[in-house]
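>>> What follows is a predicted protein model with its sequence.
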Amino acid sequence: MTVAALLERARRAGVRIATAESCTGGMVAAALTDVAGSSDVVDRGFVTYSNAAKQDLLGVRADTLQAVGAVSEDVAREMAEGALHRAPVQVAVSITGIAGPGGSEFKPEGRVCFGLAVQGNPTRVETIEFGAPGRAQVRAAARDHALALLERGISLIERKLGT
């Protein structure tokens, strides 16, 4: 589905969107806002690259960051839920990962955790291992996956509305 088609579905369903991004640095919000007229669907994007920003802007708990680290499904969940609760939106997506170069034995390059928070639904989280094709490719793949998650979130709302 194109970004324009995703935005049109959101518009028809009355859905507003927020993004909470770390390793993609705003690429999802940029992809959404590259489409003219997206301002009636896209409310805001949080770029929370540092742990302090994740805490200050999204309410990610210091305990969570200390226990599992920023690249984790727990942090992705808290980021998505924080965006949903801090913006007048129905759908929020989050991304936190290691785009590279680098990584570790426990958190390799290309590991990206995603969260999808949809009003009235349990938050979904998942981890994708993109491998190490290079920083630009990991970031682009993460952006595209987040856009697909937003499509899923819009579908959940459409089902509730019966559209």
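Alright, I've got the coordinates.
>>> Helix or strand: which one has residue 114?
Taking DSSP states H and E as the criterion, residue 114 maps to strand 111-118.
>>> Now do that strand: which elements does it pack against?
Counting contacts by 3 or more C-beta pairs under 8 Å, 6 or more residues apart in numbering; DSSP states H and E, strand 111-118 packs against helix 73-86, strand 91-97, strand 124-129, helix 135-161. From N, CA and C alone the C-beta is placed, and that goes for glycine too.
>>> Mind listing the strands the shortest one pairs with, and their directions?
Pointing back at strand 124-129 there. strand 111-118 (antiparallel) (DSSP bridges).
>>> Next: the second one.
Strands adjacent to strand 91-97 in the sheet, as given by DSSP bridges, are strand 17-21 (parallel), strand 111-118 (antiparallel).
>>> mind checking which of the ones you listed is nearest residue 70?
strand 111-118 (9.0 Å; C-beta to C-beta).
>>> Let me know the distance separating the spatially most central residue of the chain from residue 29.
In the chain, the residue lying closest to the centroid (C-alpha atoms, centre = their mean) is residue 94, at 2.3 Å. Distance, residue 94 to residue 29, by C-beta to C-beta, to the nearest Å: 12 Å.
>>> Could you verify my assumption that residue 123 touches residue 74?
No - Residue 123 lies out of contact with residue 74 (C-beta atoms under 8 Å); the separation is 10.8 Å.
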